[in-house]
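# Here you go, sequence then predicted model.
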2 protein chains.
Amino acid sequence: MSPNKNHLNALIECLEIPSISSSPKHKLELEHCAKWLQSFCKEHQFEKCEIIKTNGHPIVYFKHGQNPNKPTVLIYGHYDVQPEDPVDLWNSPPFSPTIKNNFIYARGASDNKGQFMCHLLAIAELIKSNAELPVNIIGLIEGEEEIGSPNLAPFIKEHQDKLNADLVLISDTPMFAKEQPSICTSLRGLVYVKFTIKSAETDAHSGQHGGLAPNAIIDCAQLLSKLKNEAGIIQIPGLYDDVESLSNDKKNTLNELPYSKENYCKTLGLKSTYGEETNHPYERLWYRPSLDIHGIEGGFNGEGSKTVIPKECSAAFSIRLVANQKSEHVKEQVTQFLLDNCPAHCEITINHHHSAEPVSISENAFGIATAKKALNTVFKKAPVLHGEGGSIPVVETFQKELGLNSILVGLNFQDDNIHAPNERFCLTQFEKGVEFSKEFLLNIEKESNV
Amino acid sequence: MSPNKNHLNALIECLEIPSISSSPKHKLELEHCAKWLQSFCKEHQFEKCEIIKTNGHPIVYFKHGQNPNKPTVLIYGHYDVQPEDPVDLWNSPPFSPTIKNNFIYARGASDNKGQFMCHLLAIAELIKSNAELPVNIIGLIEGEEEIGSPNLAPFIKEHQDKLNADLVLISDTPMFAKEQPSICTSLRGLVYVKFTIKSAETDAHSGQHGGLAPNAIIDCAQLLSKLKNEAGIIQIPGLYDDVESLSNDKKNTLNELPYSKENYCKTLGLKSTYGEETNHPYERLWYRPSLDIHGIEGGFNGEGSKTVIPKECSAAFSIRLVANQKSEHVKEQVTQFLLDNCPAHCEITINHHHSAEPVSISENAFGIATAKKALNTVFKKAPVLHGEGGSIPVVETFQKELGLNSILVGLNFQDDNIHAPNERFCLTQFEKGVEFSKEFLLNIEKESNV
């Protein structure tokens, strides 16, 4: 399936905008991207598209059809992207989309511009052939997903009238495997924390003071080293208390899914996997908490050398949560752990960043059957249901605030380097994504009529 | 003692030159500083001054007098300085010398421009009053001390004929305490190492891979945490094997020196000291090995958040060595420790940077008596003999290659923030330094005639 030129041009235009939500200096680029989306909707005759200001980056809201006898699909996506660092590891500039071997390389190619554009292009094509669709559509494309969507939940709470739908359709998870279409029915939650260890008011010379003055990097390393034991098991007291054991049924389902340790290691270039080796890898990725350190910085890291005793060291880490865990409770456990393990000669400042609750979606939820059929039609293979280790906080918000289930149909590949250098999206997947979206939107009415 | 205006102007000119030896982009500034020194010597009628090229930054060599019946003093200093980072913690620009409360603030103010300029200004004044000095003088001001003086030892070996002296005079250590003049007779050595832990070929998303993929920062933190136990004792096997216990005599001398834990902590803004609490603080600083981590960097450390599993993490640390330890042997111990403790799922690359051997100088060495007397005259107080925790590798080179002892007379204060933001030098110390140098040079002949 070769890429439709109009589809590709639209995607490239969208990817060229460096809409990095975590960087204050990119604020105008976020507005630029929202305006670009509005233009796209207008050009393709969507009935309505507005840019809604928030306290942060704007939300793009669109609508087409309002027949109360038809089901309403709410399409969600996010036009903001992760930072591009480390930029020197990219083979092509992150905001100059580059096509190579049937992949388009750019920040946001998979996460999430390439994926939500499948739905927008599908709607545009359906409108072009017949403005009267068999389904009402609402679109919600936000600009703050990568920073925890601080203004989306308030918007959803305040504007429930604008979001009257029967289900949410989201493509923001990877497909289970190449040539294996899939629907995700489980997401992990998240608690993200940054902290700084301070051991002195001033940096000092290691010759003059080494042996008497504490060293903030040693202190920070010793604190971090206690987060996990050497087997990779999280050591924060009570963290596993609320984690449910997996049923034997579910364990059997996991065993039926294809998994190759060799291939997995090859994808990331690992010598070995690491962690709870007695649990199934998919249990570890989807149904067990995990902890990762995202950054650490302290002292002198330039070229050459500097014999300094640094006064402070900072780090950031997060914990992925699974069904039954509550982010507020885990935050308390994390804070207590850090306070308990900070050496007496140091001070620690702790900042909790965004968090997300874990989510489960019933396998019988409205929309799952239509999605299965549409995937089968386009990919010529029955989809599998799977879990996902990442967090999409909005899925929990849709469930909690609007009572809506989300149908999570991922289109990118696992090795498309999201959040990493050389992010990409396969152009065949892109076209199949547009086809899947059309199939789904044309057929969802039938499921609602059963 | 208010500062002589000519002295101060000369010092300011020298401090304005950002001669950071570890930064390749400052190469021309090093040359600029060497030329400035040459001009100073010419202007003040030093008989000879030349700039000698090396494979790195140039050496400034000067000479005045060559009477074989007079003792020859070799003056050593270094015109290169440490990097200025973290630059945002400076209260005034590091290369715009700023005077406040009788201190001059600038990178290099104490380490080492302010201190060697005392000697150059003293020589200039002596020449002005009588070009025929009672002593021959040789000067050696290098530009690579802060990067381990890679080209100085080869220069000394090759040009022994140019360095025919009776002793070396160096001011590159701090004075023992405010209003307590001192002579340093012991220096620690150094082994400096950088390493990188790599756990994957690519960064990964912590949602997609958390629980299965290793995390280079955790791995690095666990490795670093093992360098010391929680009491601060170095855990590298065999490291203390060659360390001699201190004699009771020496322990008694240490007990006689003033020390206040409260004041020490106040100087650096510590809640407490840290390490071998059963040993005397001065034993820990001068006669015991110490280990400090100087830098660590991995993952995402920008504003906001990024849920990345970083593929690598780098750190730098050094060990201070004491009498009897050999840097080559300690390097081997460090390498073995890092290899033994690197997790099996990681790769480690190790880079040994500069090193220095520890040095002891006899309390009866030629020049000590004259230095004692000159200090007593200028500071109106008998000096104490002390050790120093830092390394001045050239002192070992002078001892080994030329058979010369170094008389180490420090003039800056312990809290002058060398290698840290807001480095400074007290202007009264600066003037007393010039006076001391004149006294020493005028009287050393008498000691040689005893």
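Perfect, I can see it now. Numbering: from 1, shown residues only, chains lettered A, B, ... in the order given.
# Skip the chain neighbours and tell me the closest residue to the residue in the stretch 351-450 of chain A that chain B sits nearest to.
Here the stretch 351-450 of chain A gets closest to chain B at one residue, A:Gly390, 2.4 Å apart by C-beta to the nearest C-beta. Yep, even glycine has a C-beta here, placed from its N, CA and C like the rest. Nearest non-adjacent residue to A:Gly390, counting by C-beta to C-beta, 6 or more residues apart in numbering or on different chains: B:Gly207, 2.4 Å away.
# Show me which residues of the helix or strand hosting A:Gln399 are buried.
Applying DSSP states H and E as the criterion places A:Gln399 in helix A:393-402. Residues of helix A:393-402 classed as buried under the neighbour-count rule (16 or more other C-beta atoms under 10 Å in any protein chain shown) are A:Pro393, A:Val394, A:Val395, A:Glu396, A:Thr397, A:Phe398, A:Gln399, A:Glu401, A:Leu402.
# Which strand residues bridge the closest residue to the first one other than its chain neighbours?
When you say that, I think you mean A:Pro393. Spatial nearest neighbour of A:Pro393, excluding adjacent residues (C-beta to C-beta, 6+ apart): A:Ala356 at 3.6 Å. Counting by DSSP bridges, A:Ala356 is bridged to A:Leu190.
# now A:His352
A:Val193.
# ditto for A:Ala204
Where A:Ala204 sits in a bridge, its partners, by DSSP bridges, are A:Ile309.
# just A:Arg424 next, same as before
Beta bridges link A:Arg424 to A:Tyr105, judged by DSSP bridges.
# what's the neighbour count on it?
Counted with other C-beta atoms under 10 Å in any protein chain shown, the neighbours of A:Arg424 add up to 25.
# all helices for the stretch 151-300 of chain A, in order.
A:152-158, A:206-209, A:216-225, A:248-256, A:261-268, A:281-282 (DSSP state H, counting those that start in this stretch).
# re the thing from before, wait, what's in contact with the residue of the stretch 351-450 of chain A closest to chain B?
Residues in contact with A:Gly390 (C-beta atoms under 8 Å, 6 or more residues apart in numbering or on different chains) are A:Thr173, A:Leu187, A:Arg188, A:Arg320, B:His205, B:Gly207, B:Gln208, B:Thr307.
# Identify the spatial nearest neighbour of the fifth one, chain neighbours not counted.
With C-beta to C-beta, 6+ apart as the criterion, B:His205 has its nearest non-adjacent residue at 4.4 Å, and that residue is A:His419.
# That neighbour contacts A:Asp111, correct?
Yes. Assessed by C-beta atoms under 8 Å, A:His419 is found in contact with A:Asp111 at 7.0 Å.
# Quick check: neighbours shared by these two?
Jointly contacting A:His419 and A:Asp111 under the rule C-beta under 8 Å, 6+ apart are A:Gln82.
# Below-threshold pLDDT in the stretch 351-450 of chain A: ranges please.
For the stretch 351-450 of chain A, applying pLDDT under 70 flags the ranges A:450.
# Considering the buried residues of helix A:393-402, which is situated nearest to B:Ala316?
Here the nearest of the buried residues of helix A:393-402 to B:Ala316, counting by C-beta to C-beta, is A:Pro393; it sits at 38.2 Å.
# Would you map the helices across the stretch 351-450 of chain A?
Along the stretch 351-450 of chain A, the stretches classed as helices by DSSP H, counting those that start in this stretch are A:368-379, A:393-402, A:427-449.
# Distance to B:His7 added to the ones you listed, as JSON lines?
Putting the helices of the stretch 351-450 of chain A into JSON lines (distance: least, C-beta to C-beta, whole Å) gives the following:
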{"stretch": "helix A:368-379", "distance to B:His7": "82"}
{"stretch": "helix A:393-402", "distance to B:His7": "65"}
{"stretch": "helix A:427-449", "distance to B:His7": "72"}
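# quick revisit: give the full set of residues in contact with the residue nearest to A:Pro393.
By C-beta under 8 Å, 6+ apart, the contact list for A:Ala356 reads A:Gly148, A:Gly189, A:Leu190, A:Leu321, A:Ser327, A:Ser391, A:Ile392, A:Pro393, A:Glu396.
# My guess is A:Glu146 contacts A:His57. True?
No. Counting by C-beta under 8 Å, A:His57 is not a contact partner of A:Glu146; they are 10.2 Å apart.
# Could you tell me which residues touch both of those two?
Counting by C-beta under 8 Å, 6+ apart, the residues touching both A:Glu146 and A:His57 are A:Ser21, A:Asp80.
# and the stretch 351-450 of chain A, which residues reach chain B?
Applying C-beta under 8 Å from any C-beta of the partner chain, we find that the stretch 351-450 of chain A lies next to chain B at A:His353, A:His354, A:Glu388, A:Gly389, A:Gly390, A:Ser391, A:Gln414, A:Asn417, A:Ile418, A:His419, A:Ala420, A:Pro421.
# What about these, which are in strands?
Counted as lying in strands by DSSP state E, out of those, are A:His353, A:His354, A:Glu388.
# OK, contacts around the second one?
With C-beta under 8 Å, 6+ apart as the criterion, the residues that contact A:His354 are A:Ile147, A:Gly148, A:Ser149, A:Pro150, A:Leu190, A:Tyr192, A:Pro393, B:Ser305.
# Repeat that for the first one.
For A:His353, the contacting residues are A:Gly148, A:Tyr192, A:Val193, A:Lys194, A:Ala316, B:Ser305, taking C-beta under 8 Å, 6+ apart as the criterion.
# For A:Leu8, the count of nearby residues, please.
Neighbours of A:Leu8 using other C-beta under 10 Å come to 18.
# Let me see the domain layout of chain A.
Recorded structural domains for chain A (assignment: automatic domain parsing) are A:5-187+A:358-449, A:189-243+A:289-356.
# which residues does the residue in the stretch 1-150 of chain A that chain B sits nearest to contact?
Nearest residue of the stretch 1-150 of chain A to chain B (C-beta to the nearest C-beta) works out as A:Ser22 at 2.9 Å. A:Ser22 makes contact with A:Gln82, A:Pro83, A:Glu146, A:Ile147, B:Gly302, B:Glu303, B:Gly304, B:Ser305, B:Lys306 under the criterion C-beta under 8 Å, 6+ apart.
# Just to be sure, it is in a strand?
No. Read with DSSP: H, G, I helix; E, B strand; the rest coil, A:Ser22 is coil and lies in no strand.
# Please name the nearest non-neighbouring residue to it.
Using C-beta to C-beta, 6+ apart, the nearest residue to A:Ser22 is B:Gly304, at 2.9 Å.
# thinking that neighbour is in contact with A:Pro150, fair?
No. Taking contacts as C-beta under 8 Å, B:Gly304 lies outside contact range of A:Pro150: 11.4 Å.
# What is the nearest of the buried residues of helix A:393-402 to B:Gly232?
A:Pro393 (42.2 Å).
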